[in-house]
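Undergrad: Sequence and computational prediction follow.
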Amino acid sequence: MFKTVKLKILAITILMLAFLMLAFAFHIIISRMKTKQLMVQNYKFSITASSFVQGLENRIITSKDNLKSLALIGSLFYKTDRSPELTDKAVVRIFEDYPQSLGGGIWFKPYIIDKSKKYTCFYAFRDKNNKITIDRNFASKEYDYPNQEWYKQIISQVTPQRNIVWSKPYYENQGSYTKMVTLGTGIYVDNELIGIATVDWELDSVIDEVSKMKPLEMTFSMYKSGGEIKNSFALFGNLKDDYVIASNDPYLDNETVIGKSLKEIPWYTTADKLYATTYINYHNRTYIPFVNKIDDEMLIIICLPKSEMFKDVNFVYFLMILSMLGLTLLIPTLLYFSLNRYIINPIDKLTDIAHKIGKGEDIQIKIEKPEEFAQLASTFDKMTKDIKSITQERAKINSELSIAKSIQASSLPNVFPPFPEKSEFDIFATMETAKEVGGDFYDFYFVDEDKFMFLIADVSGKGIPAALFMMTVKTLINNVSQLGYPPKRLIETINKKISQTNKQGFFVTMLAGLINTKTGELNLINCGHNQPLIKRNNGDFEYLNLAPNIVLGAFEDAQFEIYDTKLNPGDIIFTYTDGITEAFNDKNEMFGEQNLVDSLNKNKTSDIKQIIENTTTDIKNYMNSTPQSDDITMLAFKYNGDKKVKNFETEALQANYKSFYTWLHEAFEQWNLDSELRNKLDMCAEEIYANISFYAYPPKTGAVCVSLEKTDDSVTMKFKDSGVAYNPLEKPDPNIDLPPEQRPIGGLGIYMVKNMADNVEYHRIENENVLTIMFKS
Amino acid sequence: MDLTIKRKNMSCLYVKAVGRLDLDSAVEYGSKIKDSILDSEEPITEVELDFEYITFMSSFGLKVILELYKELKASGGTIKLKNVPEQVMNAFKMVGFDKFLVFE
């Protein structure tokens, strides 16, 4: 039930709505009554309209009717046969049907019926058994009714209009000694008053009846469940003649007050004032007076204690306030707990789990209720797995990228020196990519036995697409270069092929050189690339101004201009990509060409590896912490001329002599030296090697480095060792003219070397003995 | 190096070597010849060194030759070199050995 947050919230909302509606209903009901004042007014009206109809007024009306009937019976008796029996029966009959009355009858004026008889009356009364008895002889000298106060009061006030006259209350002391009041009307025949008809009320019963009056159930049904109101009291009075008929005021001596003026009643002001008053305070209690006038003559006031009247109303008020208070507390509490349970807690749980997952924990998220959160949790779970797999995929891509990088790196020649057997030139190149794989590349290879091609290029764009294109272009250039075309045709073919291959609109800037390693003749071509720098005759690097050709891959039929020059031994060509001149520092300034030239010339070295490494350091220092924005690629080529160099290094021991001369003889063979030169070299090599192995290091050992360098017209042999400093050239020559008996056994080796070589030099360089022996060929 | 030492007659020792007379081999060459002279029952008065197959000789070879020469001379003997290649001859000449050595 209510599985989802939506349903739960809906349920709570409906619940709260119901509560609110209930409260609203209460409010409406209460506000309909607005004030107690209004309610009392309303009640007053009700009591006037209904209560008395049912109560006293009924009685009065009945009394009136009966009085009329009695008067009629009296007049009939007078006018007709004057049958006393019949009249008796009629009177009895009236009182039998009139239980509220104590008795009553017809009283004729003295002597009016019979001139001889003073009293003629028909008086019926209710005996102790509630039976109506008629006593025709009731009147006597002992009860001389015409002299009774009630008779006098009534007969003096009756009119032919058959008005009802009330006697003052009096005590009937003839029989029951009860407090009574008599109502009477005149009996007229031909407008002559002949007697009166009366009914007697017992005042106690009137008061009882009056005080029993209570609000109609209809009126207060909302509040009152039929219970009687206690502590109420009533006042019954004659307004016209201003006297109290009856009262049951608990604080008064009601016996005494009967018949007295209404003003004797302490709380009474006037009927009209009381009618307009909501409350009266009487003996520390608040009462609500309900005032009723009958025929502007009789007055009935009922006083009801306020506390009882509104007991139920107060209770309802109390209930209402309680329920409002309850609602006020309940709604936020309900909201708080349901929000907590169904929304906050699952969110907390998710947050917690997200934290843990963020830290790398492997957690399965499980929330079953409510459904939204179950769904969110499973989505979260799926997301976690997705992220995991994406991360793994990323890692895979990254590793693939690094594989791509190593493929790219390995596709560029990166073993230096690349042709150790070639002494005609040195070449060195580096590339540092800005992204994992870059668009720069360099390449070099022999296109035939003597011709060597080197190039540096920058493919437009970066990243994998550029790298793929770069691989294609690199392969393409290599393939075309092997065809043996002359330079112009070569470059134009390359351009054509790249243009044909290139559907994506890539282009390539390239600087290439094609050199004859035998002669130093160099063809340079610049296809929209940075100009190269050249260093000649151990001078400074300076820019070469080549014809600026169009980039490769732009137009299929583009023409290219070749720059022809000749390199002398020792000359260096330096090429690079724009990643160098456009390397930014943290002030967003570019490294530029001048910095490059300065950097290249700063170190007076002709070792191209050293040159490139120095420049790399300078660029990195310039960039400081600024991230590299473009590939940084450099390639340097140094022409050595058509010379041949061989190097040999071994531990300087006599035992290693054999491997040394084996190496030496291989060089002789390779270089195809004539036997005389071979012999000289052989002899000198042996002398110096022996010298070093005997004297340089013992008792320790150390290395000896031998290099053999052949040019067109000479062979130079250089020995290096880091043993004790010793210049063999300072040793004096032996006297070869001495007779054999006087000649020493040794000491001929150095003399022979000096004798055979065309030049011998000794230098002590950086703790090394360097002996250079040169032979002309 | 291959070394052949034989008696040509009672007092003459014939030495034929093939290869290089250098740092590695010269000492052995010299000591083997000296051993043969000393081992001989008959006194050796003449040593004939055949250089036909000596491809190379360095100062170590010259040193050995001078030693041999001095020892034989002291005992009244002589040393004679045969079939010396031109390059080796140049070495002898360079250091003035041609002035006292006997070439055939």
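TA: Received it, and whenever you're ready, just let me know what you need. Numbering: from 1, shown residues only, chains lettered A, B, ... in the order given.
Undergrad: Just read off the phi/psi values of whichever residue of chain B sits closest to chain A.
TA: The minimum distance from chain B to chain A, using C-beta to the nearest C-beta, falls at residue B:96 (3.2 Å). Bear in mind the C-beta positions are built from the backbone N, C-alpha and C, glycine included. Phi and psi for residue B:96, reported as degrees, to the nearest 10, are phi 80, psi 10.
Undergrad: In contact with it, which residues?
TA: Counting by C-beta atoms under 8 Å, 6 or more residues apart in numbering or on different chains, residue B:96 touches A:736-737.
Undergrad: Do any residues in the longest strand anywhere in chain B lie close to chain A?
TA: Scanning chain B for the strand with the most residues, using DSSP state E, yields strand B:46-57. Yes. For strand B:46-57 and chain A, the contact criterion (C-beta under 8 Å from any C-beta of the partner chain) is met by residue B:56.
Undergrad: okay, the residue of chain B closest to chain A: pLDDT?
TA: According to the prediction, residue B:96 has pLDDT 90.
Undergrad: Which of the helices and strands in chain B ranks last by mean pLDDT?
TA: Ranking every helix and strand in chain B by mean pLDDT, DSSP states H and E puts strand B:2-9 at the bottom, with a mean of 88.
Undergrad: just checking, next helix/strand downstream of that one?
TA: Sequence-wise, the next helix or strand downstream of strand B:2-9 (DSSP states H and E) is strand B:12-21.
Undergrad: excluding its backbone neighbours, what's nearest the residue in the stretch 501-650 of chain A that chain B sits nearest to?
TA: Proximity of the stretch 501-650 of chain A to chain B (C-beta to the nearest C-beta) peaks at residue A:650, 14.1 Å away. Excluding its sequence neighbours, the residue lying closest to residue A:650 (C-beta to C-beta, 6 or more residues apart in numbering or on different chains) is residue A:656, at 4.6 Å.
Undergrad: What is the neighbour count of the one you found?
TA: Using other C-beta atoms under 10 Å in any protein chain shown, residue A:656 has 14 neighbouring residues.
Undergrad: go on, residue A:559?
TA: Residue A:559 has 11 nearby residues by other C-beta under 10 Å.
Undergrad: Retrieve the pLDDT associated with it.
TA: 92.
Undergrad: residues contacting the residue lying closest to it once chain neighbours are set aside?
TA: By the measure of C-beta to C-beta, 6+ apart, the closest residue to residue A:559 outside its immediate chain neighbours is residue A:492, 7.0 Å from it. Contact analysis of residue A:492 by C-beta under 8 Å, 6+ apart lists A:558-560.
Undergrad: How about residue B:88?
TA: For residue B:88, the contacting residues are B:51, B:54, B:56-57, B:61, by C-beta under 8 Å, 6+ apart.
Undergrad: Of those - the most surrounded one?
TA: Compared across the contacts of residue B:88, residue B:57 has the highest neighbour count, 29 neighbours, by other C-beta under 10 Å.
Undergrad: first to last residue in stretch A:699-712, what's the distance?
TA: End-to-end distance for stretch A:699-712, by C-alpha to C-alpha, to the nearest Å: 41 Å.
Undergrad: tell me which residues in it are buried?
TA: For stretch A:699-712, the neighbour count (16 or more other C-beta atoms under 10 Å in any protein chain shown) marks A:702, A:704-706, A:708-711 as buried.
Undergrad: ok, now stretch A:151-164?
TA: For stretch A:151-164, a neighbour-count test (16+ other C-beta under 10 Å) marks A:151, A:153-155, A:157-158, A:164 as buried.
Undergrad: what's next to that stretch, contact-wise?
TA: So stretch A:151-164 is contacted by A:60, A:63-64, A:67-68, A:71, A:107, A:109, A:145-146, A:165, A:167-168, A:182-186, A:188, A:191, A:193, A:196, A:198 (C-beta under 8 Å, 6+ apart).
Undergrad: Narrow those to those that are buried.
TA: Using 16+ other C-beta under 10 Å as the burial test, the contacts of stretch A:151-164 include A:60, A:63-64, A:67, A:71, A:107, A:109, A:145-146, A:165, A:167-168, A:182-186, A:188, A:196, A:198 as buried.
Undergrad: Looking at the residues you listed, which are in helices?
TA: Under the assignment DSSP state H, those contribute A:60, A:63-64, A:67, A:71 to helices.
Undergrad: returning to that earlier point: list the neighbouring strands of the longest strand of chain B plus their orientation.
TA: strand B:12-21 (parallel), strand B:78-82 (parallel) (DSSP bridges).
Undergrad: In PDB, list the C-alpha atoms belonging to it.
TA: The C-alpha atoms that make up strand B:46-57 are tabulated as PDB, following Å, rounded to 0.1, in the frame of the first residue of the first chain:
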ATOM      1  CA  GLU B  46     125.100 -20.000 -36.900                       C
ATOM      2  CA  VAL B  47     121.400 -19.300 -36.900                       C
ATOM      3  CA  GLU B  48     119.600 -18.900 -40.100                       C
ATOM      4  CA  LEU B  49     116.200 -17.100 -39.800                       C
ATOM      5  CA  ASP B  50     113.900 -17.700 -42.700                       C
ATOM      6  CA  PHE B  51     111.500 -14.700 -42.900                       C
ATOM      7  CA  GLU B  52     109.800 -15.700 -46.000                       C
ATOM      8  CA  TYR B  53     106.500 -16.200 -44.300                       C
ATOM      9  CA  ILE B  54     106.700 -13.400 -41.800                       C
ATOM     10  CA  THR B  55     103.900 -11.100 -42.700                       C
ATOM     11  CA  PHE B  56     104.500  -8.500 -40.000                       C
ATOM     12  CA  MET B  57     107.200  -7.500 -37.600                       C
END
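Undergrad: now what about that strand, what contacts it?
TA: With contacts defined as C-beta under 8 Å, 6+ apart, strand B:46-57 is touched by A:679, A:682-683, B:8, B:11-22, B:33, B:37, B:61, B:65, B:68, B:72, B:77-85, B:87-88, B:91, B:104.
Undergrad: Please apply the same query to stretch A:598-615.
TA: A:416, A:426-430, A:533, A:535, A:538, A:540-541, A:570, A:572, A:574, A:580, A:596, A:618-619, A:634, A:636-638.
Undergrad: Swap in 10 Å and give it another go.
TA: Residues from elsewhere that reach stretch A:598-615, judged by C-beta atoms under 10 Å, 6 or more residues apart in numbering or on different chains: A:416-417, A:425-430, A:533, A:535, A:538-542, A:570-574, A:576, A:580, A:591-592, A:595-596, A:616-619, A:621-622, A:632, A:634-638.
Undergrad: PyMOL command to pick out the buried ones of the residues you listed?
TA: Those of those that count as buried under 16+ other C-beta under 10 Å are selected in PyMOL with:
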select buried, chain A and resi 425+426+427+428+429+430+533+535+541+571+572+573+574+576+580+591+595+596+616+618+619+622+632+634+635+636+637+638
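Undergrad: Which residue is most remote from the mean position of chain A?
TA: The outermost residue of chain A, judged against the average C-alpha position, is residue A:116 (118.0 Å), by C-alpha atoms, centre = their mean.
Undergrad: same deal with chain B?
TA: Within chain B, the residue lying farthest from the chain centre (C-alpha atoms, centre = their mean) is residue B:41, at 20.2 Å.
Undergrad: Please name the residues that touch residue 93.
TA: You didn't say which chain, so I picked chain A. A:69, A:73, A:124, A:132.
Undergrad: Sorry, I should have been clearer: chain B.
TA: Shown in contact with residue B:93 (C-beta under 10 Å, 6+ apart): A:736, B:86, B:99.
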